[in-house]
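**Q** quick check, what structure comes out for this input:
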Amino acid sequence: MSELSVKHLLGIKYLTEPDIQLIFDTATQFKEVINRPIKKVPSLRDITIANLFFENSTRTKLSFELAQKRLSADVINFASSMSSLKKGETLIDTVNNILSMKVDMVVMRHSSAGAASFLAKHVKATIINAGDGAHEHPTQALLDTFSINERLGDVSGKKVVIIGDILHSRVALSNIFALQKLGAEVSVCGPKTLIPKHIGSLGVKVETDVNKALKWCDVANVLRVQFERMSASYFPSNREYAAFYGITKPMLDALDKEIVVMHPGPINRGVELSSEVVDSNQAIILDQVENGVAIRMAVLYLLAAKNES
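**A** Numbers count the residues shown, from 1 in each chain. Reported below is the predicted structural model:
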């Protein structure tokens, strides 16, 4: 059996193109499994996984938990709001206490960039990064590129624009790495205040006119404005943002081709996307959610197999 080149999933940056293809092939098989009447397989029986979410999450947490249960793993959930971290315990001590209960894998979301990499250096368990600050969110990029591949037949040669709050987004960075590794052309679009200064050094085009970006692309991946990460005001108001960067159905209808619209969620309807766009056939937002479970099953399964070998 083919295996991954990495022992942990810390970021797309560390994966090779064959790694991504292997995850896609495995996810395709698992997608078939989760659409059967009996959705469970015994692949991770006797593996214990701890979900450590130090930041709020709905989709990612539920998706990982469902993936783990579909694979018959034993799951423990840890909420930082009710933990000893509030009492001054360090991250490593918290995790080592959990590992002493014989946990094999840790899925972690943390507000600090590099938290997952730091942990991987200091503990023995397999670490899966479920988002670290504004750095990376690898499983989101995998499910996004898998969804593009599924809808368009290939990612290579496709033009993908990432629109919105690029500055505070871990999804943007992971998507740029994944899309480039799979041979897509990538562009970013948003207000100048929400585009990182040196993003051009990653080999992406920068566009500030959303209509030009939509004309250019095959796929528009629209990001949420992350108000919770903003220490200052980056644009005058939601209304103004929606007027300049919100995507509406008439804008899509005016294009000479049908593009695919994506969003990692949660969506601010009427800000970055109109309700008409969200509910249209061009949007593959719910496909992304379904594919998220299959992709996370594939990642868990392949990492468990790698660390057994």
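**Q** please make it C-alpha for all contacts and neighbour counts, starting now.
**A** Fine.
**Q** so what's the nearest residue to residue 9 once chain neighbours are set aside scoring on pLDDT?
**A** Nearest residue to residue 9, sequence neighbours excluded (C-alpha to C-alpha, 6 or more residues apart in numbering): residue 128, at 4.7 Å. Per-residue pLDDT puts residue 128 at 98.
**Q** same question for the one 3 residues further on.
**A** At residue 131, the predicted lDDT confidence score is 95.
**Q** for the host helix or strand of it, C-alpha coordinates in CSV please.
**A** Assigning secondary structure by DSSP states H and E places residue 131 in strand 126-132. What follows is strand 126-132, C-alpha atoms only, in CSV (Å, rounded to 0.1, in the frame of the first residue of the first chain):
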residue,chain,number,x,y,z
THR,A,126,0.4,11.9,15.8
ILE,A,127,-0.7,15.5,15.5
ILE,A,128,-3.3,16.8,13.0
ASN,A,129,-3.5,20.5,12.7
ALA,A,130,-7.2,21.6,12.6
GLY,A,131,-6.2,25.3,12.2
ASP,A,132,-3.4,27.3,13.9
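**Q** against which helices or strands is it packed?
**A** Packing contacts for strand 126-132, counted by 3 or more C-alpha pairs under 8 Å, 6 or more residues apart in numbering; DSSP states H and E, involve strand 105-110, helix 115-122, helix 138-152.
**Q** distance to residue 58 and mean pLDDT for these - can I get that in a markdown table?
**A** What follows is those, written out as a markdown table (distance: least, C-alpha to C-alpha, whole Å; pLDDT from 0 to 100):
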| stretch | distance to residue 58 | mean pLDDT |
| --- | --- | --- |
| strand 105-110 | 12 | 95 |
| helix 115-122 | 19 | 93 |
| helix 138-152 | 13 | 98 |
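**Q** using CSV, lay out those together with mean neighbour count.
**A** Listed next are those as CSV, based on neighbours: other C-alpha atoms under 10 Å:
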stretch, mean neighbour count
strand 105-110, 23
helix 115-122, 17
helix 138-152, 22
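**Q** one step back: list the contacts of the strand holding residue 131.
**A** With contact meaning C-alpha atoms under 8 Å, 6 or more residues apart in numbering, strand 126-132 is reached by 7-11, 60, 104-116, 119-120, 136-139, 170, 303, 307.
**Q** sorry, back to before: adding distance to residue 46, write the helices and strands packed on strand 126-132 out as JSON lines.
**A** JSON lines is the format used below for the helices and strands packed on strand 126-132 (distance: least, C-alpha to C-alpha, whole Å):
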{"stretch": "strand 105-110", "distance to residue 46": "12"}
{"stretch": "helix 115-122", "distance to residue 46": "22"}
{"stretch": "helix 138-152", "distance to residue 46": "23"}
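**Q** how about the ones you listed, which one is nearest residue 94?
**A** helix 115-122 (10.9 Å; C-alpha to C-alpha).
**Q** mind listing the strands for the chain?
**A** 48-53, 74-79, 105-110, 126-132, 159-163, 185-189, 205-207, 219-222, 260-262 (DSSP state E).
**Q** mind telling me which of these the model trusts least?
**A** strand 74-79 (a mean of 90).
**Q** what comes up buried for it?
**A** By 16 or more other C-alpha atoms under 10 Å, the buried positions in strand 74-79 come out as 74-75.
**Q** ok, that strand: who's next to it in the sheet?
**A** Paired neighbours of strand 74-79 in the sheet (DSSP bridges): strand 48-53 (parallel).
**Q** relative to strand 105-110, how tilted is the partner strand?
**A** Note on geometry: by axes from the mean of the first three to the mean of the last three C-alpha atoms, to 10 degrees, strand 48-53 and strand 105-110 are set 0 degrees apart in direction.
**Q** just the C-alpha atoms of strand 48-53, please, in PDB.
**A** The C-alpha trace of strand 48-53 is given here as PDB (Å, rounded to 0.1, in the frame of the first residue of the first chain):
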ATOM      1  CA  THR A  48      -7.800   6.600  20.600                       C
ATOM      2  CA  ILE A  49      -8.100  10.200  19.300                       C
ATOM      3  CA  ALA A  50      -8.200  13.400  21.400                       C
ATOM      4  CA  ASN A  51      -9.900  16.400  19.900                       C
ATOM      5  CA  LEU A  52      -8.300  19.500  21.500                       C
ATOM      6  CA  PHE A  53     -10.100  22.700  20.400                       C
END
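**Q** what's the weakest-modelled helix or strand in this structure?
**A** helix 91-99 (a mean of 83; mean pLDDT, DSSP states H and E).
**Q** any idea how far that one is from the chain center?
**A** Distance of helix 91-99 from the chain centroid (C-alpha atoms, centre = their mean, to the nearest Å) equals 25 Å.
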